[in-house]
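K.L.:
all I have is the shape, not the residue letters:
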């Protein structure tokens, strides 16, 4: 009777340990998976500095981050690369880029993220307002968009 009771207790103990181990592994894998996705925190064009800055996090430790033109599915041309630090944080800066991208994609360790570039449209297009007088109305305003191509200096 003592042997069968001891065996039953061992089985229960093993079940509890197995459940705890599976729970711990599921938590650990969830944390790893959540940290694996590269993330672009900001993408910004600065016209006064003529500079594109892209910042992000969650790159693989000391991983290379590749920055491309366009959204994820566009498979745009490579703009450049940067190195992530030990915490997975990274920053990419480039000057005198033409054309300025409206969207960028960061790729590292098989993951990617895209983001719209803030203030990119300031260089890409300008709106011209035309005021025209006609005999029937005192004035009318006609907006028209034209593409601005920056001069090389």
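P.N.:
Structure received. Because the structure is a prediction, the values reported are computed rather than measured.
K.L.:
can you give me the strands for the protein?
P.N.:
Taking DSSP state E to define them, one finds strands in the chain at 39-46, 51-57, 64-69, 78-83, 90-95, 103-108, 111-116, 125-132, 140-147.
K.L.:
adding distance to residue 15 and mean neighbour count as columns, could you present these in TSV?
P.N.:
C-beta coordinates here come from the backbone N, C-alpha and C atoms, glycine included. Listed next are the strands of the chain as TSV, based on distance: least, CB to CB, whole Å; neighbours: other CB atoms under 10 Å:
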stretch	distance to residue 15	mean neighbour count
strand 39-46	39	17
strand 51-57	40	20
strand 64-69	45	20
strand 78-83	47	14
strand 90-95	45	16
strand 103-108	41	22
strand 111-116	37	17
strand 125-132	66	9
strand 140-147	69	9
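K.L.:
out of those strands, which is closest to residue 16?
P.N.:
Ranking the strands of the chain by proximity to residue 16 (CB to CB) places strand 111-116 first, at 36.5 Å.
K.L.:
what residues does that closest one touch?
P.N.:
36-40, 42-43, 54, 56, 70-72, 102-106 (CB atoms under 8 Å, 6 or more residues apart in numbering).
K.L.:
redo the strands of the chain as TSV? Include mean pLDDT and distance to residue 16.
P.N.:
Shown next, in TSV, are the strands of the chain (pLDDT from 0 to 100; distance: least, CB to CB, whole Å):
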stretch	mean pLDDT	distance to residue 16
strand 39-46	96	38
strand 51-57	96	38
strand 64-69	95	44
strand 78-83	96	46
strand 90-95	96	43
strand 103-108	95	40
strand 111-116	95	37
strand 125-132	38	65
strand 140-147	40	69
